[in-house]
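Trainee: please work out how this folds:
(2 chains)
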Amino acid sequence: MKTFRVAAAGIAVLLLAGCTAGSNGGSNTTAPFDPSTLVSTTPAGTNPVDKVTWGIQAGEPSSLDPVRIGSDSQYQIIGNMCEALLQVQPDFSTAPGLATDASYDTSGNVVINLRPGVTFWDGTPMTADDVAYSLQRSADPTSGSITVAAFERVANIAATGPLQVTVSFTTPDSQFLNAIAGPAGFVFEKAFSTAAGAGLGTPTGGVMCTGPFSFTSWTSGKDILLTANPDYWGGAPLVKQLDFVFTDSDATLTNALVSGEIDGAFDVPVAAMSQLRSSSTGSVYVGPSNATSSFGPASATGPGADPNVREALNLAIDKNSYVSTVLGGYGTVAKTFTTPFMWEGLADAGVYKAGYDALPTDGYDLAKAKQLVADAHLSTTDLTMAIPAGAQQILQSATIVQAAAKQLGLNITIKQLQATDFGNLFYDPSAREGIDFVATTGYLDTPGAYAYASLFALPGGLFNWTNYSDDQVTALLQDGRTTQDQTKAAQDFVAAQAIYAPAQLQVTLANQYTRVFLSSKLTGVTTSFSYIVSPWALKLGGK
Amino acid sequence: MHYPLVSLAMRKVGELVVTLFVASVLIFSLVALVPGDPAAALAGGTRPNPETLAAIRRQFRLDDPIWQRYLGWIGDLFTGNLGTSFVYRANVTDIIGPRIGTSLLLVAYSALIILVVGVGVGVAGALGNRVVDRGLSVLTAIAMGAPTFVVAIFLISVFALGLGWFPVFGAGDDFGDQLYHLTLPAIAMSFAYFAFVARITRSSVRGEMFSEHVETARSRGLAPRQYIPHHVLRNASAQIFSVAGLTIASLFAATVVAEQAFGINGIGSLLVQSAARQDLPTVQIISLAMVFAFVVVNTVVDIVNAAIDPRTATRGRTA
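Mentor: Sure thing, here's the model as predicted:
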């Protein structure tokens, strides 16, 4: 019967679509990478270039609305167009950006003095009104903003001069100045944005910002084209056109880089590293990053909620082997989820470093791990770990945890969830029922040590699903968060970390490095993780 | 007077409408019943506030009963409104528009290869000597068994990366550049299908070679170049055409694999991306469009077939 066959063809297409989605990562054991060769930048370009084609490994972004930036694709594109009030530097410190100065005044307000003479791409001067509007929109949950949390202690945002904006707080926030170096501090033109309405950041609506490259066109499915801004306050870039093309598969990206059709890309696949390193068309740069692979408990009950079980898993996983297999050597073992690159650029890096170094180094210790599990007297040994479907590297991580658990007599079932379902885990407690662990990867787009600690270790923290609560930790983190003294903030954090770290609120498998491919004709890109929010192509040019 | 062709055409169009209706109901309900709350994903952020969620649910009619949503969806389709993408927040028309040309060109290119090479190889096998026939038979057996993505990997490594004759990714800019970019994908896509058409052509031409009227022509002393075009190929053409038509119709679904492998942003790769991101409105429209293309091509093939060979009009179905 023809009708049935035709209808069946439609269904088959849907199933096929479900099956083939995702990337094709893979593990690859290579000679160990030497961490002393990590680079944060490449020498600035010296010659003009007409066009650079850049591959976006994670595929086409869904939106370029500056308040909705949260995915790899969006970050890699927006940073060259829209600028934040402060600018994240290659060493992950912050420096003046659109603000020449932002600091606390005597009454605890943050006073932001704007750089004079900055214009949007359409020639309109940037005013305090534009900045206040931008911050207010970022703080407004109804705008779809994903940076609302950065403003949770903010009472009011107001233009207090032609080039001055003042932010007042309900309680002081030691982390606010870090936040406005990232998407929470992006500045976009008020008149353009209000006129664009819901069309802001769409292929037809575009954006209006101040950065070194202006939005030129977005052909859905094909590319996003940026053009050099000749009037950029920091000097015009050498590259005339920056063309972002979308490659959804690792193989396509690798082939296009090797053949020279694409000039460069961030986050190139681990499995393709040896092929890319031996390529004649370009080089791979490996840079420092704060990104981690980890897993954590999803429930306040069950074996996963027991810190001893998490510590047992932590001891039973050979992290060095994890780094060399899953990350191909392009990473390092991390003691906790707040990795050094998050604070290395801060003024009080010394305090943070001393605290990090003092944390215990948990080596691989199977005997101790078995003892911990035996002492825990578990009511069940069957556990479930949720991971996002199609994420190859996370699947590998989960498989390694599963194998380690098996040695301890624990059976972990890996449950792959579709994007929406996986997203639901993070704010819908009912979605976490029956799930013991969630494995994921994560990173911070701005410097600062408090972000993860607040999420995992404070009562009511967004990811504190075991209801971890320690009065001393809570007091220290709250004190440190609400002071204006950055050194005190550092000391409080380090003291809190020493208490909560052994509880393994998140078992950190590794800290991964950035992997950047760049054509041998070009130089000047940022290769540390600060590319995530900064104008990384500003100094890109010919050799 | 009785017009068998007209009544066949009317019957086929009737079937087409019914098929599309059933397909639209199936696609809409299957996709809409996928678990997960799209409103939360649409709202973005870590803790979407209830008012935002409610507004999104209203905008996308997520709270209505499913039959009401279906009627609204179908009604919108008839007014040319394909809905709003959950992911891009833009009209689905704007997302599909720039990509559909690429996919259509790819399908047309593959169809051309399938017809020319498939029929050519089939006829050569049927009329050639034993060695030629055996050789082509082995070739088509291998081709039929080769999955599209394997062929794609092979073509990329040899002709794009190795020899550097073709680009490895993208769909090109102007028409000539597009043809250049789509050559390898079109070959990869047509590989298994051309072999299928070649086999059908071979057996159908073989069949005609031994039919009564050809035997008669041969016994009357006609040379092969006289009876083959008129008596053999013409009679075999109806079957070849209907199989080739069906094959070409299914190419729309085959774009899914080929476009992914070659990094072409067409409808097929959009379907995969949209499914992965649970962009339901886009998945629904593309699925329906693929079924639509399949059914329409199929119907056209049936009607054209009946025109070539009027016997099929009265016999009814051909495929």
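Trainee: what segments of the stretch 101-250 of chain A are strands?
Mentor: Assigned by DSSP state E, counting those that start in this stretch, the strands in the stretch 101-250 of chain A fall at A:110-114, A:154-161, A:164-169, A:213-219, A:223-228, A:239-246.
Trainee: quick one: contacts of the next helix or strand after the last one?
Mentor: Spelled out, that is strand A:239-246. Where DSSP states H and E defines the elements, the next helix or strand beyond strand A:239-246 is helix A:250-258. If you take Cβ atoms under 8 Å, 6 or more residues apart in numbering or on different chains as the criterion, helix A:250-258 is touched by A:23-25, A:55, A:57, A:247, A:262, A:264-265, A:268-269, A:271-272, A:275-276, A:279, A:281-282, A:517, B:153, B:156, B:160-161, B:168-170, B:261-263. Any C-beta I mention is one placed from the backbone N, CA and C, and that applies to glycine too.
Trainee: for the record, mean pLDDT for helix A:250-258?
Mentor: Computed over helix A:250-258, the mean pLDDT rounds to 90.
Trainee: quick check: angle from it to strand A:239-246?
Mentor: 160 degrees (axes from the mean of the first three to the mean of the last three Cα atoms, to 10 degrees).
Trainee: run the chain-centre distance for helix A:250-258.
Mentor: Relative to the chain's own centre, helix A:250-258 is displaced by 23 Å; criterion: Cα atoms, centre = their mean, to the nearest Å.
Trainee: could you do stretch B:102-110 as well?
Mentor: Centre to centre, stretch against its chain (Cα atoms, centre = their mean), the figure for stretch B:102-110 is 9 Å.
Trainee: so which residues make contact with that stretch?
Mentor: A:221, B:171, B:178-179, B:182-183, B:185-186, B:189-190, B:193, B:248, B:251-252, B:254-255, B:258-259, B:264-268.
Trainee: how about it: buried residues?
Mentor: B:102, B:103, B:105, B:106, B:107, B:109, B:110 (16 or more other Cβ atoms under 10 Å in any protein chain shown).
Trainee: which pLDDT does the model give residue A:5?
Mentor: Taking residue A:5 on its own, its pLDDT is 31.
Trainee: need the strands of the stretch 101-250 of chain A in TSV with distance to residue A:126, can you?
Mentor: Converted to TSV, the strands of the stretch 101-250 of chain A look like this (distance: least, Cβ to Cβ, whole Å):
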stretch	distance to residue A:126
strand A:110-114	7
strand A:154-161	12
strand A:164-169	11
strand A:213-219	14
strand A:223-228	19
strand A:239-246	22
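Trainee: where does residue 111 land on pLDDT?
Mentor: Answering for chain A, as no chain was given. 96.
Trainee: wrong one, chain B
Mentor: 91.
Trainee: so it sits in a helix?
Mentor: Yes. The assignment for residue B:111 is a helix, going by DSSP: H, G, I helix; E, B strand; the rest coil.
Trainee: which ones are touching residue B:214?
Mentor: The neighbours of residue B:214, taking Cβ under 8 Å, 6+ apart as the test, are B:208, B:227, B:231, B:232.
Trainee: ugh, typo on my part, it should be residue A:122
Mentor: Residue A:122 neighbours (Cβ under 8 Å, 6+ apart): A:189, A:192, A:208.
Trainee: same question, residue A:93
Mentor: A:345, A:346, A:447.
Trainee: now the one helix or strand residue A:371 maps to: buried residues?
Mentor: Element membership for residue A:371 (DSSP H and E) is helix A:366-376. Within helix A:366-376, the residues that count as buried by 16+ other Cβ under 10 Å are A:369, A:370, A:372, A:373, A:376.
Trainee: need the contact list for the nearest residue to the third one once chain neighbours are set aside.
Mentor: Put plainly, it is residue A:372. Spatially, and ignoring its direct neighbours in sequence, residue A:372 is nearest to residue A:312 (4.0 Å; Cβ to Cβ, 6 or more residues apart in numbering or on different chains). By Cβ under 8 Å, 6+ apart, the contact set of residue A:312 is A:368, A:369, A:370, A:372, A:373, A:376, A:408.
Trainee: how about the nearest residue to the third one, chain neighbours excluded?
Mentor: Setting aside the residues directly before and after it, residue A:370 is nearest to residue A:408 in space (Cβ to Cβ, 6+ apart), at 5.9 Å.
Trainee: how many neighbouring residues does the nearest residue to residue A:351 once chain neighbours are set aside have?
Mentor: Excluding the flanking residues, the one nearest residue A:351 by Cβ to Cβ, 6+ apart is residue A:490, at 3.9 Å. Applying other Cβ atoms under 10 Å in any protein chain shown, we find 24 other residues in the vicinity of residue A:490.
Trainee: which of the helices or strands spans residue A:490?
Mentor: Going by DSSP H and E, residue A:490 is in helix A:486-500.
Trainee: I'd like the next helix or strand past that helix.
Mentor: Counting by DSSP H and E, the next helix or strand C-terminal to helix A:486-500 is strand A:507-512.
Trainee: what helices or strands is that following strand leaning on?
Mentor: Packing contacts for strand A:507-512, counted by 3 or more Cβ pairs under 8 Å, 6 or more residues apart in numbering or on different chains; DSSP states H and E, involve strand A:292-297, helix A:307-316, helix A:319-325, strand A:331-332, helix A:392-407.
Trainee: what's in contact with it?
Mentor: Counting contacts by Cβ under 8 Å, 6+ apart, the residues outside strand A:507-512 that touch it are A:289-296, A:310, A:313-314, A:317, A:319, A:322-323, A:326-327, A:330-337, A:339-341, A:397, A:400-401, A:441.
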